[in-house]
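Colleague: Quick check, what structure comes out for this input:
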Amino acid sequence: MTAILATPLSQIELTPGSALRITGVTWESYVALLSELGESRQTRIAYDSGVLEIRMPGQLHEVLNQVLAAIILVLAEELGLEFNNLGSMRMNRSDLDKGIEPDSCFYLQNAQAGQGIETTVPQDLPPDLAIEVDIANRSDSKLPIYQAMAVPEIWLCRQE
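Modeller: Numbering: from 1, shown residues only. Next up is the predicted model:
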């Protein structure tokens, strides 16, 4: 994996609110990086046709993300909608050469597709709603990924 970087990943330090963009990354290298980093991490990763972005959310980012997620859950409850909160579930689409981990994502109209602990959501079924919080870095580079994956609604919270 370190072949895509001049510096080994173990020596790169991302601080809360920072981001790292790397170009010329193959799909295979992206998948290998995900495997190397594992699931228990604070970073969020996006991949778009050779461009890899690794972000480290800060405290304010996470607070706003949780507030927006709570608003969605309360609205869904009040409206009597079934929902499935999948948090920052990774969405990989090798057929599109894209992958993303939203700050939060929800199935509302397709809530049944992701119900149950052992249920696997079909790879080509996008969430009905994704949340992106922009504090230190803008999510402009992520919007084309969501569009290609046909995510119908994105809530984008910007600091300004």
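
Colleague: Am I right that A19 is in a helix?
Modeller: No. Secondary structure assignment (DSSP: H, G, I helix; E, B strand; the rest coil) places A19 in strand, not in a helix.

Colleague: Residue numbering should commence at 280 henceforth.
Modeller: OK, 280 is where the count begins now, so the last one is A298.

Colleague: OK, contacts around it?
Modeller: Residues in contact with A298 (CB atoms under 8 Å, 6 or more residues apart in numbering) are 332-335, 415-416. All C-beta spots, glycine's among them, are computed from the backbone N, C-alpha and C.

Colleague: Could you do V330 as well?
Modeller: Neighbour list for V330: 300-302, 304, 420 [criterion: CB under 8 Å, 6+ apart].

Colleague: I'd like these written out as TSV, with distance to V353 added.
Modeller: Below are those laid out as TSV (distance: CB to CB, whole Å):
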residue	distance to V353
R300	35
I301	39
T302	41
V304	39
S420	30
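
Colleague: one step back: who wins for neighbours among the contacts of A298?
Modeller: Counting neighbours by other CB atoms under 10 Å, the top entry in the contacts of A298 is R334, with 24 neighbours.

Colleague: and it, bridged to which residues?
Modeller: Taking DSSP bridges as the rule, R334 bridges to A298, R323.

Colleague: which ones are touching it?
Modeller: When contacts are counted by CB under 8 Å, 6+ apart, R334 touches 293, 297-299, 322-325, 416.

Colleague: and if you look at N389?
Modeller: Taking CB under 8 Å, 6+ apart, one finds 404, 406-407 in contact with N389.
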